[in-house]
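**Student:** below are the sequence and a predicted model for it; my questions follow.
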Amino acid sequence: MKKPVIISLSIFIGAYCAPLCAAPNSSIDLDEPKTIVADKIEYNVRDSKIETFGKTTITTQSGQTLKLNNTTVADNGTQIAGQDIELWLGEHFYISAEKITRDDDITTAIDAMFTACNGCDSFGNAWEISATTIKHDLDTRNLYFHNPVLWMYDVPIFWFPYYYMPDPGVKYRSGLLMPDLNSTNNMGTQINLPIYISLSPYHDATITLSYLTKENPLIQAEHRLNTEHAEFRTNGSFTHNMAGENRWHIFNNDVIELGEYARAKIALERTSDKTYLQKYGFYNDQPYLDSGAQIELFGQSGYVVADTHIFQELRDATQTEATVNGNILPNIRGVYQTAPIFRETYALLLSDILAVDGHDNTSMQRVIGDAKIISPWTLWGGNRITFGLDARYDVYNFQNYDLIDTPDFTGMKNRFLPSGFVEWGLPLFRPGTNWTQIIEPRARLTAMRHTKTQELFALNNDSAGALLSDLTLFSNNRFSGYDLWENGTFADYGVRVATYRSSGESGEVFFGQSYDLSGRAETDPNSGFHQGASDYVGRVAFDNGTWFALNSRFRLDRDTLALRHIETDGRIGTSQNYIYVGHIWAQQLDEAFLGQDVNETSGGLRIQLTDRLSLNFNAIYNNTFHQFQRHSGELYYKHPCYFLSLGYRRDYAIRQDYSGRATVQFRFGLDY
């Protein structure tokens with residue numbers, strides 16, 4: 001017999017502590033913080049059941065919210081039944097059903113619908129899944145669908161006999177991810193099915209099975225592990241192609257913190273052959289692969305880095321100066337800067353140990369010791385004077401090495417490279433109401449020992465050649481690398497004009513030149529260096545702080561002022577809508593190694609067509625040969641509840657068994 005009793009919520013402490021029948025719009029605690037809110041609530045003492053009438057809202061201890069009519073709650077809240085039900089699992093996630101029952105941790109919805117996109121569009125849910133039965137297991141946090149149908153905007157898309165997924169409260173769960181589709185001109189259609197494996201909140205992996213219509217299947221794998229002091233990343237792929245070849249790649253990158261002042265890195269980059277990465281879409285314009293390890297030691301005033309590199313060449317033909325001509329086993333570099341000796345004067349100590357295991361039974365070991373004293377001074381009128389002394393000593397050991405003047409040399413070589421410099425600068429400021437202007441003339445005289453030709457033995461060991469630019473002025477060594485070294489006394493001079501204001505606009509112009517006071521060693525005629533005065537170099541930059549930016553650096557012939565080299569990049573637009581263009585042109589003299597002018601244009605755009613739809617395009621065009629190197633584009637739609645994209649990429653490279661690649665990719669995924 002039901003005995004209605006009215007009781008105040010404020011004194012209701014224990015679940016079922018007294019029989020009651022709540023007045024309309026009352027709420028009661030079942031088992032803190034479980035609550036029931038209904039138009040009318042009755043409690044049956046004998047059967048330990050709660051019955052509600054009219055609209056009812058039940059909030060469970062796990063945070064679920066059930067909205068239903070005419071409800072029965074039994075067994076201390078573990079069994080719930082009702083009609084016209086909505087089970088809310090989050091702000092936009094709910095299950096609606098004609099009937100729902102709950103038995104312990106299992107909630108069963110009959111003739112149900114699930115969506116994670118409630119209210120995302122004013123004209124209906126973007127997607128929802130209907131099913132004859134949906135079960136939610138609170139223990140496993142899974143949703144199980146029987147005879148599910150995916151609907152998009154009330155249109156049925158596809159049907160599965162059975163499907164399950166983690167509920168929206170689960171951050172990581174193993175299972176199938178959304179497939180994506182590629183189509184290429186040389187391997188046909190590629191269907192990628194990724195499988196996600198969650199090992200812990202900090203450890204997971206993805207295995208992707210790829211079916212190709214014109215090639216054998218491809219397996220891809222990616223492994224990720226984060227620990228308190230380390231990060232491990234590995235990805236790779238494998239296929240046994242129709243030609244009977246095993247083709248593969250593996251990339252690994254690990255970072256391990258060894259304490260506050262030490263860090264280790266491990267890298268592995270290998271592939272089965274030169275064209276595999278390009279043919280299967282893993283190529284990222286890298287000319288070679290670099291495997292090795294590195295240890296870094298930091299201090300307040302110095303650091304030491306030891307690393308090794310084992311290279312795998314991917315190019316068919318390379319220039320001598322830029323070729324990776326051996327494995328580095330190892331390279332150890334150390335730098336230490338003293339505290340100020342007096343005023344702002346300090347000493348800088350550098351050491352470098354390098355061992356190169358070359359090809360064809362060649363090898364080289366090198367030891368460099370370098371000590372510098374730098375003394376900057378600020379004098380009257382804002383004049384800045386900096387003095388520097390540098391003493392460097394190199395010792396080389398060669399085995400079967402081709403030097404400049406001695407082929408197939410084996411033995412020891414050494415050289416002493418003392419130098420000194422004095423540098424002057426005078427920044428002149430002119431503050432204004434809107435703009436602040438700066439004019440800074442700058443000059444530097446560098447004096448060093450004029451070495452003999454035979455002491456330039458290491459011309460091509462680690463140096464990619466000489467190229468004069470605004471970035472190489474005002475330096476002891478205007479060449480790249482350690483081995484190729486300046487020879488004699490030279491002067492650098494130039495002037496910088498800059499202007500800026502607090503609202504973000506800025507502009508800059510620089511123009512300068514170098515002058516060799518000693519007879520210099522012969523260098524590439526394209527470098528911009530000559531006997532005496534060099535070519536002119538400069539840069540121009542402007543940024544209005546919002547929608548326009550332009551940067552350009554250039555080199556002009558010293559006699560005719562003809563343009564010899566220019567690199568320019570510009571951007572117009574905002575982060576949502578923009579166009580960018582880049583261009584590089586370098587004249588190649590007839591007697592130079594390359595022979596043909598470098599003339600390349602790159603560009604791209606992004607257009608936000610709507611709040612959710614955007615268009616991207618990128619391209620690189622070789623003006624010398626009048627053809628694209630590659631171009632790509634993507635139409636991307638980002639909805640709060642899903643995304644889809646249609647993109648393509650066209651590569652025009654021709655190398656061995658690889659002849660261009662046109663790829664069309666379609667991707668779709670649900671967000672919840």
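**Tutor:** Structure's in. What do you need?

**Student:** for the stretch 151-300 of the chain, what spans make up the strands?
**Tutor:** Assigned by DSSP state E, counting those that start in this stretch, the stretch 151-300 of the chain shows strands spanning 155-159, 162-166, 175-176, 180-184, 188-200, 203-212, 218-226, 230-240, 246-259, 262-271, 288-298.

**Student:** got TSV for these, with mean pLDDT, mean neighbour count and distance to Gln278 too?
**Tutor:** (Each C-beta comes from the backbone N, C-alpha and C, glycine too.) Shown next, in TSV, are the strands of the stretch 151-300 of the chain (pLDDT from 0 to 100; neighbours: other C-beta atoms under 10 Å; distance: least, C-beta to C-beta, whole Å):
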stretch	mean pLDDT	mean neighbour count	distance to Gln278
strand 155-159	88	9	35
strand 162-166	83	16	37
strand 175-176	82	12	29
strand 180-184	83	18	12
strand 188-200	91	15	15
strand 203-212	95	17	16
strand 218-226	96	17	14
strand 230-240	96	17	13
strand 246-259	95	15	11
strand 262-271	96	17	10
strand 288-298	93	16	13
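
**Student:** how about a markdown table for those strands, with distance to His136 added?
**Tutor:** Output for the strands of the stretch 151-300 of the chain, formatted as a markdown table (distance: least, C-beta to C-beta, whole Å):
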| stretch | distance to His136 |
| --- | --- |
| strand 155-159 | 21 |
| strand 162-166 | 10 |
| strand 175-176 | 16 |
| strand 180-184 | 29 |
| strand 188-200 | 19 |
| strand 203-212 | 24 |
| strand 218-226 | 29 |
| strand 230-240 | 35 |
| strand 246-259 | 40 |
| strand 262-271 | 44 |
| strand 288-298 | 48 |
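
**Student:** would you mind saying which of those strands lies nearest His359?
**Tutor:** strand 288-298 (13.1 Å; C-beta to C-beta).

**Student:** what lies in contact with the closest one?
**Tutor:** Under the contact criterion C-beta atoms under 8 Å, 6 or more residues apart in numbering, strand 288-298 has outside partners 258, 261-271, 303-315, 324, 328.

**Student:** what pairs with that strand, and is each one parallel or antiparallel?
**Tutor:** As defined by DSSP bridges, the strand partners of strand 288-298 come to strand 262-271 (antiparallel), strand 302-313 (antiparallel).

**Student:** to Tyr493, which of those strands lies closest?
**Tutor:** That would be strand 302-313 among those, by C-beta to C-beta, at 32.7 Å.

**Student:** once you drop chain neighbours, what's closest to the residue most central in space within the chain?
**Tutor:** Central residue of the chain (C-alpha atoms, centre = their mean): Asn284, 12.3 Å from the mean position. The shortest distance from Asn284 to any non-neighbouring residue, by C-beta to C-beta, 6 or more residues apart in numbering, is to Leu277 (7.9 Å).

**Student:** what about the helices in the stretch 401-550 of the chain?
**Tutor:** Taking DSSP state H, counting those that start in this stretch to define them, one finds no helices in the stretch 401-550 of the chain.

**Student:** do a quick rundown of the strands in it.
**Tutor:** Using DSSP E, counting those that start in this stretch, the strands of the stretch 401-550 of the chain run over 409-425, 428-430, 436-448, 490-500, 506-516, 533-543, 548-556.

**Student:** for the first one, give me every contacting residue.
**Tutor:** Strand 409-425 is contacted by residues 383-403, 440-449, 451, 455, 457-458, 474, 476, 485-486 when judged by C-beta under 8 Å, 6+ apart.

**Student:** hmm, His136 is touching Asp167, no?
**Tutor:** Yes. If you go by C-beta atoms under 8 Å, His136 and Asp167 touch, sitting 6.4 Å apart.
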